[in-house]
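Participant: sequence and predicted structure are below.
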Amino acid sequence: MADSFASVESPRMGVDDQLLRPEILWDRPAVVMFTAPNAGPMTLEGTHTFIVGTTDCYVIDPGPVNHPYGRALADWLGSNGRAVQALLLTHGHPDHAPGATFLSHLLAVPIRAPANLNRSYLPDPTETVPFSEDETFAVDGDRLRVIDTPGHSSDHVAFLMEGAGILFSGDTILGTGTSLVAPPDGDMVEYLKTLEALRRLKARLIAPGHGPIVVDPARKIEEYLLHRRRREEQIVEALSRGPRTPADLVAALYADINPSLRTLAAGSVQGQLEKLVVERRVVCLDGRYVLRE
Ligand SMILES: [Zn+2]
């Protein structure tokens, strides 16, 4: 889910059309990317599903509930000699996780997921097996490591292909625009810690849940940190001129925003405000935020 206010192309709806164009990102370990047909303002051109491994392989984020897409994925895996070991989920959001239920049924493979997975969007019944701490999965002579990345959501994890240096970032880092960090489940303090931790990984490539592949991860993470700092400065600057409600701040900071994205912007502003409250720089009085002396 994106906090991207960038323009988005019109949805591409044909499942077959999508699956006829698997994108090969890496040869060994083999990484193939598909895009679910769920394009929209929150999902950019759609959610990416990654197939990692040449024969024994893992499927990262099967996407939303969409049986034709699930069936097409299963067909591709079968006709390309892939033996799926498990489906791996970055987090429980509806554009990433619930498609796992149908695909795991089709392939008879387990769903591996964060221990604190948000299950509210999963079809019933869905069984998941939680990741253990620092769990790794052997694939094509490399190792895929589970990394806790809370912030966008409290249950979020990413996967790092350690040898190749490929980071599957889910919604923590996107190819275009920035990630939505909206309370109550999103947490800006945690999110910034996560970005700092991901910066230290020095990944070579980021394969995000939405948008194009990121070929310069260090620069992208720096841009993200800078974006949040600027946003915070703008909020502090606005509050220096007097108490403001979140709606006032959205109006001031996102003057020309598409009305359909106003709720998204409000969530984003709320995330920044709560960080400032935690840091005791701002206090909330009767729904208005006030800068502390
Ligand atoms: Zn998400």
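Facilitator: Nice, I can see it. Keep in mind that this is a model prediction, so the values were computed, not measured. Numbers count the residues shown, from 1 in each chain.

Participant: the helix ranked longest in the chain packs against which elements?
Facilitator: Longest helix in the chain by number of residues (criterion: DSSP state H): helix 217-239. Packing partners of helix 217-239 (3 or more Cβ pairs under 8 Å, 6 or more residues apart in numbering; DSSP states H and E): helix 188-201, strand 205-208, helix 246-253, helix 262-278, strand 288-291. For every residue, glycine as well, the C-beta is placed using N, CA and C.

Participant: for the nearest residue to Glu274 once chain neighbours are set aside, give its distance to the ion.
Facilitator: Spatial nearest neighbour of Glu274, excluding adjacent residues (Cβ to Cβ, 6 or more residues apart in numbering): Pro183 at 5.4 Å. Distance, Pro183 to the ion, by Cβ to the ion, to the nearest Å: 14 Å.

Participant: repeat that for Asn118.
Facilitator: Going from Asn118 to the ion by Cβ to the ion gives 9 Å.

Participant: cool, and Lys193?
Facilitator: Noted for Lys193: a distance of 18 Å to the ion, by Cβ to the ion.

Participant: excluding chain neighbours, what is closest to that residue?
Facilitator: Ranked by Cβ to Cβ, 6+ apart and with sequence neighbours excluded, the top spatial neighbour of Lys193 is Gly151, at 7.4 Å.

Participant: does the one you found touch Gly186 like I think?
Facilitator: Yes. The pair Gly151 / Gly186 is scored as a contact, 6.7 Å apart, by Cβ atoms under 8 Å.

Participant: find the closest residue to the ion in the stretch 151-293 of the chain.
Facilitator: Using Cβ to the ion, Asp171 is the residue of the stretch 151-293 of the chain that sits closest to the ion, at 3.6 Å.

Participant: and the contacts of the helix or strand hosting Leu73?
Facilitator: For Leu73, the host element (DSSP states H and E) is helix 67-79. Here helix 67-79 makes contact (Cβ atoms under 8 Å, 6 or more residues apart in numbering) with 15-16, 18-19, 22, 34, 36-37, 49, 51, 57, 59, 62-63, 82, 84, 99, 102-103, 106-107.
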